[in-house]
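J.: sequence and predicted model, in that order:
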Amino acid sequence: MSPTSKFRVNCIVCPMSCYVEVELDGEIRVTGYRCPRGKEWAVQEALSPKRVVVTVLKVKGGDLPVVSVKTDPVPRDKVREVIRELSKVELVPPLRVGQVVAEVDGVKVYVTREVRGGQQTF
Ligand code: SF4
C-alpha cells in the first residue's frame, strides 16, 4: 500500500477561490471544488504544477522600448530558466497581439500589446 499525499490549494481559476483537497494514494480523490475546471486545475497543481509567465521583452526601434508578453503554461520548476532565456531576447517591430515571438524549450511566447516601428513617444 502506497503512502497518502494530501495537497490543499485555493483554486485560482475563478474568483470563487474554492478550497480544494487532492488526495493521492494510488488513486486520486478530489474534494471541495465546485466545477470540473477547478477539479482539473487542482489535480494538475498536485501532480505537475504550471505557471503562465508574464513579463516584458526589449524592443529595438519601436514606438515603445519594451513589449508585454505571456507564455504558454510552463512547468513551475522551469519558470526561472524561461525568464533567464527571455531576458536575452530583443524584438524588432512591427509586433501584433498574439504573435509568437520566441520559443523556449517548446514553450511559446506571445505578444500581448501592439508595437509599431518608429520613434519612442516618451
Ligand atoms: S473550483 Fe470552479 S468555481 Fe471553484 S474557484 Fe475553481 S474554477 Fe472557480
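T.: Structure received.
J.: who's residue 56 bridged to?
T.: Beta bridges link residue 56 to residue 68, judged by DSSP bridges.
J.: tell me, how many residues neighbour it?
T.: 14 (other Cβ atoms under 10 Å). Backbone N, C-alpha and C define where each C-beta goes, glycine included.
J.: list the contacts of it.
T.: Listed by Cβ atoms under 8 Å, 6 or more residues apart in numbering, the contact partners of residue 56 are 66, 67, 68, 69.
J.: quick check: which element contains the residue in the chain that the ligand sits nearest to?
T.: The nearest approach of the chain to the ligand comes at residue 38, 2.0 Å away (Cβ to the nearest ligand atom). Assigned by DSSP states H and E, residue 38 belongs to helix 36-47.
J.: what's in contact with that helix?
T.: With Cβ under 8 Å, 6+ apart as the test, helix 36-47 has contacts from 5, 7, 9, 11-14, 16, 18, 20, 22, 24, 28, 30, 33, 50.
J.: what pLDDT is listed against residue 3?
T.: Looking at residue 3, its pLDDT reads 70.
J.: how about residue 78?
T.: Looking at residue 78, its pLDDT is 95.
J.: thought it was touching residue 85?
T.: No: between residue 78 and residue 85 there is no contact under Cβ atoms under 8 Å: 9.9 Å.
J.: identify the residues contacting residue 74.
T.: Per Cβ under 8 Å, 6+ apart, neighbours of residue 74: 50, 51, 52, 53, 82, 107.
J.: in JSON lines: the residues you listed, plus neighbour count and secondary structure.
T.: Shown next, in JSON lines, are those (neighbours: other Cβ atoms under 10 Å; DSSP: H, G, I helix; E, B strand; the rest coil):
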{"residue": "50", "neighbour count": "17", "secondary structure": "strand"}
{"residue": "51", "neighbour count": "13", "secondary structure": "strand"}
{"residue": "52", "neighbour count": "11", "secondary structure": "coil"}
{"residue": "53", "neighbour count": "19", "secondary structure": "coil"}
{"residue": "82", "neighbour count": "20", "secondary structure": "helix"}
{"residue": "107", "neighbour count": "21", "secondary structure": "strand"}
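J.: cool, thanks, signing off.
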